[in-house]
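Asks: from the sequence below, what's the structure:
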Amino acid sequence: MGDKELQKIIVDFSRALEQGCAAVYRRNFDSVTYEYMGKYIEEITGYAPADLTPAIWDSLVVRAEIKGELAGLSLKECYRLIRTGNVDQWQADVQLRSRSGEMRWVTDMSTLLRDESGACFGCLGVLLDITDRKEAAQKLANLSERLRLRNEEMESELALARDVQQALVTAQPEQFPLDAPAGRARLFFHHRYIPAAALAGDFFNILPLSEHEAGVFICDVMGHGVRAALLTTFLRGLIEELMPLASDPGAFLGKINHGLRAVFTQTETFIFATAVYLVINVQTGRVRFANAGHSMPLFLCPEAVTELSLDNRSGTFEPALGILEDFEYSTTEHVPVDGGSLLLYTDGLFEAYNAEGEMYGEERLADFVQQHARLAPEALMDELIQDVHRFSGSVDFEDDVCLLTVTQPRPSE
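Replies: So this is what the prediction gives:
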């Protein structure tokens, strides 16, 4: 192919490419000239094709991102390898400062030209304007960095909130009366608390009410995560505010329900929480309780495991907190056997499914507790959790899990 034929091919190729913001060039290393330069180069550099020289081009280069087999080398070393013919192709994203001072980006892709003896005398390349793409990529990178920093900040805040939640749980009393000397406590509390996410919607509170009475509150807010955690914070505040009513379980839940609806019915988000609240008198052994749509506590004694039963107007579960306005919750009384224990739990424990889609369920839970009722409280909770894991085939829970045992020492203890 003659030089004229090659020149015509280059011109035709250049015209086609310049429809897409590109300029074809042919550079001669020996004469240090551009034998051909496409017209679009003026849009890129501000120099007309006839005015642009390799020296001017090199002076415009701010930096280059070397691609392909030469990646990682300096621009000077790349030029040396190209000039000596040690590589056949060159590609780089090059940032330029144009004649007017405008910053632009081009992709420079070229193939080396060799004479009949194989000696390298120049290159044939394409300069493609990628300024818009590079600017878009930079904006995306900046946005990604801002998101990364924001995520780090959120993770830090979530970690702090998680630590606060855990601290509130671990700060709960382990016995009642709180200041009882060794061997004189009348109630012992043990718990297992397993959030499904960084923040949980389950919680419990132990409320010392008097020298002889302790309140036990366990709650399961719908969902889990940040929204559920915010609601638990609100409920904890309500509990503290309503402590003067805490000796009356039904009235206590009724006021919590009223406070919940007073705030959250003004939002568009439907929320609710199930809860059960017990007041235990260590002198009489009596347990008074009210239930707002929550799983019934189990009473464990050496002879049997039974579910605390409701004795209210309808004999059925009463609604969860936040459902009905000004609902009057019933208070039921239970007289346990000395030395028995209470097991309270949230539904994340038994709403675990196996590979066949079967739920663990409360009946299976009660059967397991019945068979292992003689275990110490902490061992019982651990074995129960492990049994649910075996059933589901997973070591994780889909929902928050909270278990709490309330144990009265046996008369001989």
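
Asks: shaky segments in the stretch 251-400 of the chain?
Replies: Where the stretch 251-400 of the chain drops to pLDDT under 70, the residues are 267-268, 302-304, 307-316, 336-339.

Asks: please name the residues that touch T331.
Replies: Taking Cβ atoms under 8 Å, 6 or more residues apart in numbering, we find T331 in contact with D248, P249, G250, A251, R288, F289, A290. (C-beta placed from N, C-alpha, C; glycine too.)

Asks: what's around the closest residue to it other than its chain neighbours, how many residues?
Replies: In space, and not counting its chain neighbours, T331 is closest to G250: 3.9 Å by Cβ to Cβ, 6 or more residues apart in numbering. By other Cβ atoms under 10 Å, the residues close to G250 number 22.

Asks: wait, G250 touches E318, no?
Replies: No: counting by Cβ atoms under 8 Å, E318 is not a contact partner of G250; they are 9.1 Å apart.

Asks: determine the three-state secondary structure at the residue nearest to T331.
Replies: At G250 the chain is in helix, as set by DSSP: H, G, I helix; E, B strand; the rest coil.

Asks: got the contact list for it?
Replies: G250 sits next to A290, E328, Y329, S330, T331 when contact means Cβ under 8 Å, 6+ apart.

Asks: with adjacent residues omitted, what lies nearest to the first one?
Replies: Going back to what we said before, that points to A290. Per Cβ to Cβ, 6+ apart, closest to A290 is P249, 3.8 Å.

Asks: go on, F234?
Replies: V263 (7.1 Å).

Asks: in a markdown table: the contacts of G250, plus distance to V24 and secondary structure.
Replies: Below are those laid out as a markdown table (distance: Cβ to Cβ, whole Å; DSSP: H, G, I helix; E, B strand; the rest coil):
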| residue | distance to V24 | secondary structure |
| --- | --- | --- |
| A290 | 84 | strand |
| E328 | 86 | coil |
| Y329 | 83 | coil |
| S330 | 88 | coil |
| T331 | 89 | coil |
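
Asks: of the residues you listed, buried ones?
Replies: Among the contacts of G250, those scoring as buried are A290, Y329, S330, T331 (criterion: 16 or more other Cβ atoms under 10 Å).

Asks: domains of the protein?
Replies: Under the assignment automatic domain parsing, the domains of the chain span 3-129, 172-407.

Asks: the residue nearest to F234 and V221: what is the separation?
Replies: Distance of V263 to V221, given as Cβ to Cβ, to the nearest Å: 14 Å.

Asks: same check, this time on E153
Replies: 25 Å.

Asks: can you check Q408 too?
Replies: Separation of Q408 from V221 (Cβ to Cβ): 29 Å.

Asks: more neighbours, these two?
Replies: Neighbours per residue, other Cβ under 10 Å: of Q408 and V221, the larger number sits with V221, 27 against 21.

Asks: the more buried one contacts D202, doesn't it?
Replies: Yes: when contacts are counted by Cβ under 8 Å, V221 is listed as touching D202 (7.2 Å).

Asks: what sits in contact with each of the two?
Replies: With Cβ under 8 Å, 6+ apart, V221 and D202 have common neighbours T232.

Asks: now do the contacts for R26.
Replies: Counted by Cβ under 8 Å, 6+ apart, R26 has contacts I10, Y34, E35, Y36, L113, G122, C123, L124, G125.

Asks: let me redo that: G201
Replies: Residues near G201 by Cβ under 8 Å, 6+ apart: D220, V221, M222, G223, H224, G225, A228, A229, L231, T232, A273, D400.

Asks: right, and out of the contacts of T331, which lies closest to G259?
Replies: Distance to G259 across the contacts of T331 (Cβ to Cβ) is lowest for A251, with 12.7 Å.

Asks: which SS state does the closest residue to H212 other than its chain neighbours fall under?
Replies: With sequence-adjacent residues excluded and distances taken as Cβ to Cβ, 6+ apart, H212 is closest to Q283, at 4.7 Å. Under three-state DSSP, the three-state class of Q283 is coil.

Asks: how close does Q283 get to V335?
Replies: Counting by Cβ to Cβ - Q283 and V335 are separated by 13 Å.

Asks: which neighbours do the two have in common?
Replies: Counting by Cβ under 8 Å, 6+ apart, nothing touches both Q283 and V335.

Asks: quick one on the thing from earlier: out of the buried ones among the contacts of G250, who's nearest E378?
Replies: Distance to E378 across the buried ones among the contacts of G250 (Cβ to Cβ) is lowest for A290, with 27.5 Å.

Asks: contacting residues around that closest one?
Replies: A290 neighbours (Cβ under 8 Å, 6+ apart): P249, G250, F252, L253, V276, Y277, E318, Y329, S330, T331, T332.

Asks: could you redo the last one with a cut-off of 7 Å?
Replies: P249, G250, L253, Y277, Y329, S330, T331 (Cβ atoms under 7 Å, 6 or more residues apart in numbering).

Asks: how about stretch 41-56: buried residues?
Replies: By neighbour count on 16+ other Cβ under 10 Å, the buried set for stretch 41-56 is I41, E42, I44, T45, G46, Y47, P49, L52.

Asks: kindly apply the preceding question to stretch 58-74 instead.
Replies: L60, I66, L70.

Asks: same check, this time on stretch 129-140
Replies: Buried residues in stretch 129-140 (16+ other Cβ under 10 Å): D129, I130, T131, K134.

Asks: check the buried ones among the contacts of G250 and tell me the two furthest apart.
Replies: Those two in those that are separated most widely, counting by Cβ to Cβ, are Y329 and T331, at 7.4 Å.

Asks: so how far is the longest strand that the chain contains off the chain centroid?
Replies: Criterion DSSP state E: the longest strand present in the chain is strand 103-114. In this view, strand 103-114 has its centroid 44 Å away from the chain centroid, taken as Cα atoms, centre = their mean, to the nearest Å.

Asks: what about it, average pLDDT?
Replies: Mean pLDDT, strand 103-114: 93.

Asks: contacts for the helix or strand following it next, please.
Replies: Where DSSP states H and E defines the elements, the next helix or strand beyond strand 103-114 is strand 120-129. Residues from elsewhere that reach strand 120-129 (Cβ under 7 Å, 6+ apart): 17, 21-30, 41, 44, 82, 85, 90, 104, 106-115.

Asks: check stretch 96-115 too.
Replies: So stretch 96-115 is contacted by 44-47, 60-62, 82, 85, 88-95, 120-131, 134 (Cβ under 7 Å, 6+ apart).
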